[in-house]
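Visitor: Turn this into a model:
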Amino acid sequence: MNILATVDLPAIGWQPRPHQKKLWRYLMTGGKRAVAVWHRRAGKDEVLLHAAAVAMFERPANYWHMLPTFTSARKAIWDSVNPHTGRKRIDEAFPHEMREQTRDHDMQIRFHNGSTWNVVGSDSVVHGSGIGSSVAGIVFSEYALANPSAWAFYRPILEENNGWACWISTPRGRNHLLQLYEHAQRTDGWFAERLTIDDTKAISPEAVTETLKEYISLYGEDQGQAMFDQELMCSWNAQTLGAYYAMECALVRAEGRITELAEPVLDRAVHTCWDLGVTDDTSIWMYQAQPSGQLVVCDHFASSGVGVEWYRDELFKRYADRGWIRGNDYVPHDAKIKEWGSGRTRVETMKSLGLNPLLVPMATIEDGINAVRRMLPLCVFHPRCEEGGFSALESYRREWDDEKKCFKATAVHDWSSHPSDAFRYLAMSYKQPVLRAVKPPPVQGWQIPPPAEAKRGGIVL
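Guide: Residues are numbered from 1 along each chain as shown. Next up, the predicted model:
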């Protein structure tokens, strides 16, 4: 008996709600790239779970549903129960009759035709697991909070496999989600949709009013309204809850300080600041201080699972290709601790490889955060820094304590932590250049005109 022939998809008679139909039609007619910025409780994951089940049946392959972290993926998707039906969401989308195997440990469902569906975290990209896996479809859920590098890793694989990708999220400020949404709007063949609670009417007016009151009671008047605007009105301008540098980063974008003109002067050194990791990410910023006091942040890159030699080679290549002059390599104070096995400090290892390591002065995390806040108004960023670097500064935020209903003193440890830590070291190591005033000798009959400020494209150098 052919069991598969007796099962309907979507399962258990599921039908998209009116506001979900446009996205559903796009996916069911072969759409490959969709960005859905929908308000909370609009059913974003619901649509994509059923779409993945259909894709698994039609094309045997591997499919992923990716959340920012592996832990959040289990809670939000694998163990999630639909309060309206009392059933697990994965059981509603993936019928047991079609399954050959269900593996709870690594959150995988295998169909009889060989297709697999996994719940994964974008933090797996940082730690290297999953890279190189052949997938035919990926859902990036809560993409505004996810590591944006994940798409860079898997895009070539999906293109080679003629696969599809969907990004679903509510906004978290004007970060990488907004950049992708705007790209989708102007690119042929892409789907782009932003739906607020006013668009969907998915929640009753009474429930919407009550939600706003709850947010205000939990977070206060300003933060509560910001949370409401973010979660239900899909506002790009709402302040990310608990973000350390929300105001400063918003000004960087508003004033156009992410620009191709943010290139260093070629006759002055370009320095680096490192957040050194072993199993975690290592993040490096490249910057140049200008005599005017402005700071040109000209590059950022990160990786994991490689040695110092790899970072040295990557840095030297960038210096050589762009004609930049090598400067100092600022590292955290714990780089002077001897490592097991080698008996050498990281500073000694870096020196032996031709780098110029200098220790960042010791300071508390709070002092470093305040240093970043003072320094950001001086910064201009090259677009090279935006996706994995500046977006991390926008996303770096304090952790919320659900029990005590207040923010913890500690930051959320996610993909944004390492670039933000490295930038904190940059702020602690940065010294504003001192202009040496030279008084010209008195001259009879005429005066030496004051020197003109050097400019590049309107940016004071």
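Visitor: mind giving me the domain ranges of this structure?
Guide: Annotated domains of the chain cover 3-200, 205-239, 269-429 [automatic domain parsing].
Visitor: Now do the second one, average pLDDT.
Guide: The one in question is domain 205-239. Model confidence over domain 205-239, given as mean pLDDT, is 91.
Visitor: and the end-to-end length of that domain?
Guide: In domain 205-239, first residue to last residue: 24 Å (CA to CA, to the nearest Å).
Visitor: In the host helix or strand of D321, which residues are buried?
Guide: According to DSSP states H and E, D321 maps onto helix 308-322. Buried residues in helix 308-322, counted by 16 or more other CB atoms under 10 Å: V308, Y311, R312, L315, R318, Y319. No exception for glycine: its C-beta is placed from N, CA and C like everyone else's.
Visitor: which secondary structure elements does that helix contact?
Guide: Packing partners of helix 308-322 (3 or more CB pairs under 8 Å, 6 or more residues apart in numbering; DSSP states H and E): strand 269-275, strand 282-289, strand 295-303, strand 325-331, helix 346-352.
Visitor: between these, which gets the lowest average pLDDT?
Guide: What stands lowest among the helices and strands packed on helix 308-322, in mean pLDDT terms, is helix 346-352, with a mean of 91.
Visitor: Report all helices and strands that that one contacts.
Guide: Looks like helix 346-352 contacts helix 308-322, strand 325-331, strand 357-359 (3+ CB pairs under 8 Å, 6+ apart).
Visitor: hmm, back to that, go through the buried residues of helix 308-322 and name the one nearest D106.
Guide: When the buried residues of helix 308-322 are compared for distance to D106 (CB to CB), Y311 wins out at 31.2 Å.
Visitor: mind listing what that closest one touches?
Guide: Y311 makes contact with W274, T282, I284, S303, according to CB atoms under 8 Å, 6 or more residues apart in numbering.
Visitor: Looking at the residues you listed, state which has the most neighbours.
Guide: W274 (27 neighbours; other CB atoms under 10 Å).
Visitor: what's the spacing between it and R346?
Guide: 9 Å (CB to CB, to the nearest Å).
Visitor: intersection of neighbour lists for those two?
Guide: The contact sets of W274 and R346 overlap at V331 (CB under 8 Å, 6+ apart).
Visitor: Can you give me the end-to-end span of stretch 395-410?
Guide: With CA to CA applied, stretch 395-410 spans 14 Å between its terminal residues.
Visitor: wait, I meant stretch 59-75
Guide: In stretch 59-75, first residue to last residue: 28 Å (CA to CA).
Visitor: List the buried residues in that stretch.
Guide: Buried residues in stretch 59-75 (16+ other CB under 10 Å): 61-70, 72-74.
Visitor: Let's have these in JSON lines, adding secondary structure and distance to F423.
Guide: Below are these laid out as JSON lines (DSSP: H, G, I helix; E, B strand; the rest coil; distance: CB to CB, whole Å):
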{"residue": "A61", "secondary structure": "coil", "distance to F423": "39"}
{"residue": "N62", "secondary structure": "strand", "distance to F423": "36"}
{"residue": "Y63", "secondary structure": "strand", "distance to F423": "36"}
{"residue": "W64", "secondary structure": "strand", "distance to F423": "30"}
{"residue": "H65", "secondary structure": "strand", "distance to F423": "31"}
{"residue": "M66", "secondary structure": "strand", "distance to F423": "26"}
{"residue": "L67", "secondary structure": "strand", "distance to F423": "25"}
{"residue": "P68", "secondary structure": "coil", "distance to F423": "20"}
{"residue": "T69", "secondary structure": "coil", "distance to F423": "21"}
{"residue": "F70", "secondary structure": "helix", "distance to F423": "26"}
{"residue": "S72", "secondary structure": "helix", "distance to F423": "24"}
{"residue": "A73", "secondary structure": "helix", "distance to F423": "28"}
{"residue": "R74", "secondary structure": "helix", "distance to F423": "31"}
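Visitor: can you list those residues in JSON lines and add distance to S141?
Guide: JSON lines is the format used below for those (distance: CB to CB, whole Å):
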{"residue": "A61", "distance to S141": "19"}
{"residue": "N62", "distance to S141": "17"}
{"residue": "Y63", "distance to S141": "13"}
{"residue": "W64", "distance to S141": "10"}
{"residue": "H65", "distance to S141": "6"}
{"residue": "M66", "distance to S141": "7"}
{"residue": "L67", "distance to S141": "5"}
{"residue": "P68", "distance to S141": "8"}
{"residue": "T69", "distance to S141": "11"}
{"residue": "F70", "distance to S141": "13"}
{"residue": "S72", "distance to S141": "9"}
{"residue": "A73", "distance to S141": "8"}
{"residue": "R74", "distance to S141": "13"}
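Visitor: Low-confidence regions, the stretch 51-200 of the chain specifically.
Guide: For the stretch 51-200 of the chain, residues meeting the criterion pLDDT under 70 lie at 124-133.
Visitor: end-to-end on stretch 84-96?
Guide: 20 Å.
Visitor: scratch that, stretch 77-97 is what I was asking about
Guide: Stretch 77-97 has an end-to-end distance of 20 Å (CA to CA).
Visitor: buried stuff in that stretch?
Guide: In terms of neighbour count (16+ other CB under 10 Å), stretch 77-97 has its buried residues at I77, W78, R89, I90, D91, E92, A93, F94, P95.
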